[in-house]
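Colleague: structure for the following, please:
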Amino acid sequence: MVIRTFLPFVGSVCAAKGLQKYLAQPKLKVAAKEETEKADWDYNWDHRHPQADWTDEMKEKYKVKKTRHVYLIRHGQYMDGEKDADRVLSEKGREQARLCGEYLKASGIKPTQFVHSTMTRATETANIINSVLQVDCKVESSDLIREGCPIEPSPPLKGYPEKPWTEYKESAAIEAGFRKFIRRAKPSSEENEAAVIVCHGNVIRYFFCRGLQLPPSAWLHLSVSHCSVTQMHMRPSGTVGSRAVGNNSFLPRKYVTFTNRE
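Modeller: Numbers count the residues shown, from 1 in each chain. The predicted model follows:
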């Protein structure tokens, strides 16, 4: 009986010593340290957090009271073309947009802001979605959420971006779009905000990484299908969350596409 009781103890000691020796290796020490370190959350990421030198009057005036929900929707499948005007939605893309509109309506989403990219495929998608949703707010368009390369991806993927200077030319507008649309609710908002933003895959993936304070250079390693919905919410406290990334569960399998060749 003594031997039976003692052996597990010996095994535990040996295992502990083995683990200690394993972690003592230089590389593993660094890895273990990196895994346990926590990055500090930047509560003032949108420059709307109360500042130490604010008066009580300023804090009350600029205090965010409600949550802002953002629904990022990628445009539908489209036809390849030389110019943007030629890149119209395919038949499948139009049906994807209609089904997306039905999903938003069934989910009870009532936009307080509805904005789309000025590119043809996004404009068409937004129009079809709105034909179902019938939003009460103003329908806006913006050049800041047009498709482009937001930042050089890391780790790099072979052959992308095709032109090395692309991100330098396009990133400023996309970053400006992030600052304009991905933010906390306005202090004057008396109800939660719901922004529906119809744009493009690269923009959505970059916004998602930036909003959750993940490395923005990782954007290219996410994937969102046509007319999928990526949801984010910005709380009054300054924290940000997400309940869905590239949600396409409302689309029949034959309408789930990522490229124009599917």
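Colleague: ok, now which ones touch the most centrally placed residue in the chain?
Modeller: Compute the mean C-alpha point of the chain, and by C-alpha atoms, centre = their mean the closest residue is F208, 2.1 Å away. Residues in contact with F208 (C-beta atoms under 8 Å, 6 or more residues apart in numbering) are 72, 214, 219, 222, 230, 232, 242, 245. Just so you know, the C-beta spots here come from the backbone N, C-alpha and C atoms, and that holds for glycine as well.
Colleague: rerun at 6 Å
Modeller: Applying C-beta atoms under 6 Å, 6 or more residues apart in numbering, we find F208 in contact with T230.
Colleague: next secondary structure element downstream of the helix or strand containing it?
Modeller: Here F208 sits within helix 201-211, counting by DSSP states H and E. Sequence order places strand 229-234 as the next helix or strand after helix 201-211, per DSSP H and E.
Colleague: just checking: what are the partner strands of that following strand?
Modeller: Applying DSSP bridges, strand 229-234 is found paired with strand 68-74 (antiparallel), strand 240-247 (antiparallel).
Colleague: switch those over to TSV; also include distance to P187 and mean pLDDT.
Modeller: Converted to TSV, the strands paired with strand 229-234 look like this (distance: least, C-beta to C-beta, whole Å; pLDDT from 0 to 100):
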stretch	distance to P187	mean pLDDT
strand 68-74	12	98
strand 240-247	18	98
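Colleague: tell me the most buried of the ones you listed?
Modeller: Stretch with highest mean neighbour count among the strands paired with strand 229-234: strand 68-74 (a mean of 25; mean count of other C-beta atoms under 10 Å).
Colleague: what angle do it and helix 201-211 make?
Modeller: With axes from the mean of the first three to the mean of the last three C-alpha atoms, to 10 degrees applied, the angle from strand 68-74 to helix 201-211 works out at 150 degrees.
Colleague: output the helix holding F208 as PDB, nothing but the C-alphas.
Modeller: Output in PDB follows, covering the C-alpha atoms of helix 201-211 (Å, rounded to 0.1, in the frame of the first residue of the first chain):
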ATOM      1  CA  GLY A 201     -13.100  42.900 -47.900                       C
ATOM      2  CA  ASN A 202      -9.700  44.600 -47.400                       C
ATOM      3  CA  VAL A 203     -11.400  47.500 -45.600                       C
ATOM      4  CA  ILE A 204     -13.400  45.300 -43.400                       C
ATOM      5  CA  ARG A 205     -10.500  43.100 -42.400                       C
ATOM      6  CA  TYR A 206      -8.300  46.200 -41.600                       C
ATOM      7  CA  PHE A 207     -11.100  47.800 -39.600                       C
ATOM      8  CA  PHE A 208     -11.600  44.700 -37.600                       C
ATOM      9  CA  CYS A 209      -7.900  44.400 -36.700                       C
ATOM     10  CA  ARG A 210      -7.600  48.100 -35.900                       C
ATOM     11  CA  GLY A 211     -10.800  48.100 -33.800                       C
END
